[in-house]
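Participant: sequence and predicted structure are below.
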Amino acid sequence: MKNFILSAAIIAFAGVSTVKANEIKTPMSISAPSDSTANKVPVKLEELPEAVKTTLKANAYKEWTPTTAFLITKSDKSTFYQVDVKKGTDVAYLQLSKDGSIIQ
């Protein structure tokens, strides 16, 4: 009986140490503080204003690929576009006014 308990304890210890050795790493996500009263409406990339498209093609952002876009209306009725962009495994977002200037 003592051998059985000792064997069970060794197996349990080995199982716990194996789980700790194989930690799962989750990718970091970038999140911005959100305005709880903001309205977020998806927009097709081809439907973005020409000024926003021009900014996205500028030298500073030409290596980034736009993936999704949203028109965000804040509680004070101001609007801007949030464009999610990707470069390799890096993911970020840009906030642009309708005239193409960077807000953030």
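Facilitator: The structure has been received and is ready for your questions.
Participant: show me where the chain has strands.
Facilitator: Per DSSP state E, the chain carries strands over the ranges 39-43, 65-73, 79-87, 90-96.
Participant: which of those strands sits closest to Leu56?
Facilitator: Between Leu56 and these, the shortest gap by Cβ to Cβ is with strand 65-73, which sits at 5.7 Å. In this view, the C-beta of every residue, glycine as well, is placed from N, C-alpha and C.
Participant: now for that closest one, which elements pack on it?
Facilitator: For strand 65-73, the elements it packs on are strand 39-43, strand 79-87, judged by 3 or more Cβ pairs under 8 Å, 6 or more residues apart in numbering; DSSP states H and E.
Participant: among these, which comes closest to Lys57?
Facilitator: strand 79-87 (11.9 Å).
Participant: helices or strands next to the closest one in the packing?
Facilitator: If you count contacts as 3+ Cβ pairs under 8 Å, 6+ apart, strand 79-87 packs onto helix 50-56, strand 65-73, strand 90-96.
Participant: if we go to 7 Å?
Facilitator: With contacts taken as 3 or more Cβ pairs under 7 Å, 6 or more residues apart in numbering; DSSP states H and E, strand 79-87 sits against strand 65-73, strand 90-96.
Participant: that's all I had, so thanks and see you.
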